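Sequence below, structure please.
(one chain, ligands or ions: 2)
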Amino acid sequence: MAYKNELKRSDVTPRADFLNRRQLMSGAVGLAAGMAFGPAMAASEYSSDLEPTSLEDVTSYNNFYEFGTGKGDPAKNAHTLTTSPWAIEIGGMVDRPGSYSLEDIVSKMTIEERIYRFRCVETWSAVVPWDGFQLSQLLDLVGVQSDAKYVAFETVYRPDEMPGQKTNSLDWPYREGLRLDEAMNPLTLMATGMYGEPMPKQNGAPIRLVVPWKYGYKSIKSIAKITLTDTQPETTWNMLQPSEYGFYSNVNPEVSHPRWSQAYEKPIGGGLFAKRQPTLMFNGYEDQVASLYEGMDLAVNH
Ligand SMILES: Nc1nc2c(c(=O)[nH]1)N[C@H]1C(S)=C(S)[C@@H](COP(=O)(O)O)O[C@H]1N2
Ligand SMILES: [Mo]
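Ligands and ions are numbered 1, 2, ... in the order given. Coordinates of the predicted model:
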């Protein structure tokens, strides 16, 4: 599958600056966690040059409905999830379907760290240094067949470890999907860590999706199943409320959520008086992804 790399120089961090900041950062994180410096992590050309939100804020205010619907619930409750061993069932229109152990997958992938803007549909935003590998690498490993058009994802279904799954707050397991060209875009990351540490459970351990130009709910956590299909997959929030949550869910300041504007966002961790900031088209990744949607009405295909 061919795709254009349209990243501009201004969108990426010069390698030396990035490594400097990375060292400063791992020092800060290491101190906070009472640990020494973490392992060196390869910088990525896809990283944006933004100051990361604090680890504390990114791990204590978020959504993971399997552990409750409150923003503080995941940090409180996610410890009950067993994340090792872990396997992902990969099937549908692929040449090599099967159950792939996470260890085996990770050993074959190029792991990089990437600082990405992240924005929830509820208008809070963060900047997170993720580490992981391109989803395209995994899809190449299993061999996508020529008639596949979409990738469907499912979170693990374990009501005994995920108390939210015993409620009907959502239709379980959590499901998400991407068009194949979105899945193959080099920005689309399978993340196994944050801030140079393994992924915290409340953020989707041991492996989650990160699609930086889409609203946060597309970035499905604790993935146990990936299926290649030729029809658009059902997705959790779209099934619940199609008028509010479309399949595409591209960050778009000009398309309002029916109950609130999407033109501004508030960085988490800024305190009560944090300034709202204007939301950018495709969350700031317009140069890299706008071409995927050429000719589409983005208000209709929201
Ligand atoms: N399985 C699962 N994945 C999920 C969710 C969820 O409830 N369950 N919430 C989504 C939403 S709404 C957001 S905003 C992001 C939050 O990711 P974060 O914890 O890294 O901020 O996770 C997404 N992935
Ligand atoms: Mo969200």
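
Quick check: beta-bridge partners of residue 99?
residue 89 (DSSP bridges).

Give the burial count for it, as a bare number.
Taking other Cβ atoms under 10 Å as the criterion, the count of residues near residue 99 is 12. (Glycine included, C-beta is placed from N, CA and C.)

OK, contacts around it?
87, 88, 89, 90 (Cβ atoms under 8 Å, 6 or more residues apart in numbering).

tell me which parts of this protein are close to ligand 2?
63, 120, 216, 217 (Cβ under 5 Å from the ion).

Which ones, among the residues you listed, also lie beside ligand 1?
63, 120, 216, 217 (Cβ under 6 Å from any ligand atom).

in the protein, what residue is nearest ligand 1?
residue 216 (2.5 Å; Cβ to the nearest ligand atom).

What about residue 118? Give its phi and psi, please.
When read as degrees, to the nearest 10, the backbone of residue 118 gives phi -140, psi 130.

How about the residues of the stretch 1-150 of the chain by ligand 1?
Counting by Cβ under 6 Å from any ligand atom, the residues of the stretch 1-150 of the chain near ligand 1 are 62, 63, 64, 65, 66, 120.

Go through these and name the one nearest residue 168.
residue 65 (10.7 Å; Cβ to Cβ).

quick one: the closest one and residue 163 touch, right?
No: judged on Cβ atoms under 8 Å, residue 65 makes no contact with residue 163 at a distance of 10.4 Å.

who has more neighbours, these two?
Neighbours were counted for residue 65 and for residue 163 using other Cβ under 10 Å; residue 65 has more, 21 against 14.

What distance do you get for residue 290 to residue 213?
9 Å (Cβ to Cβ, to the nearest Å).

Helices of the stretch 51-200 of the chain, start to end?
55-60, 73-77, 102-107, 135-142, 180-184 (DSSP state H, counting those that start in this stretch).

got the buried residues for the fourth one?
Which is helix 135-142. By 16 or more other Cβ atoms under 10 Å, the buried positions in helix 135-142 come out as 135, 136, 138, 139, 141, 142.

Could you let me know which of the residues you listed ends up closest to residue 238?
For the buried residues of helix 135-142, the nearest to residue 238 is residue 135 (20.1 Å; Cβ to Cβ).

May I have the residues that are in contact with the nearest residue to the closest one once chain neighbours are set aside?
Distances taken as Cβ to Cβ, 6 or more residues apart in numbering place residue 188 nearest to residue 135, at 4.6 Å, with adjacent residues excluded. Counting by Cβ under 8 Å, 6+ apart, residue 188 makes contact with 134, 135, 136, 178, 182, 209, 210, 211.

got the contact list for the fourth one?
It stands for residue 178. 150, 151, 153, 188, 211, 218.

pLDDT value on the fourth one, please?
Put plainly, it is residue 188. According to the prediction, residue 188 has pLDDT 98.

mind checking how far it is from ligand 2?
Separation of residue 188 from ligand 2 (Cβ to the ion, to the nearest Å): 18 Å.

now do the fifth one
Remark: distance between residue 211 and ligand 2 (Cβ to the ion) = 12 Å.

So what's the residue count around that residue?
27.

likewise the last one?
For residue 218, the neighbour count with other Cβ under 10 Å is 26.

Please verify my assumption that it contacts residue 211.
Yes: Residue 218 is within contact range of residue 211, at 5.0 Å (criterion: Cβ under 8 Å).

Mind telling me which residue is nearest the centre of the protein?
By Cα atoms, centre = their mean, the chain has its centre lying nearest to residue 210, at 1.8 Å.

Go ahead and confirm that one touches residue 191.
Yes: between residue 210 and residue 191 there is a contact under Cβ under 8 Å: 4.8 Å.

where do the contact lists of these two overlap?
In contact with both residue 210 and residue 191: 130, 132, using Cβ under 8 Å, 6+ apart.

pLDDT value on the closest residue to residue 264 other than its chain neighbours, please?
In space, and not counting its chain neighbours, residue 264 is closest to residue 276: 4.2 Å by Cβ to Cβ, 6+ apart. Here, the pLDDT recorded for residue 276 equals 93.

same deal with residue 238?
Residue 238 is given a pLDDT of 96.

need the next SSE after whichever strand or helix holds it, C-terminal direction.
For residue 238, the host element (DSSP states H and E) is helix 236-240. As assigned by DSSP H and E, the chain's next helix or strand after helix 236-240 is strand 264-267.
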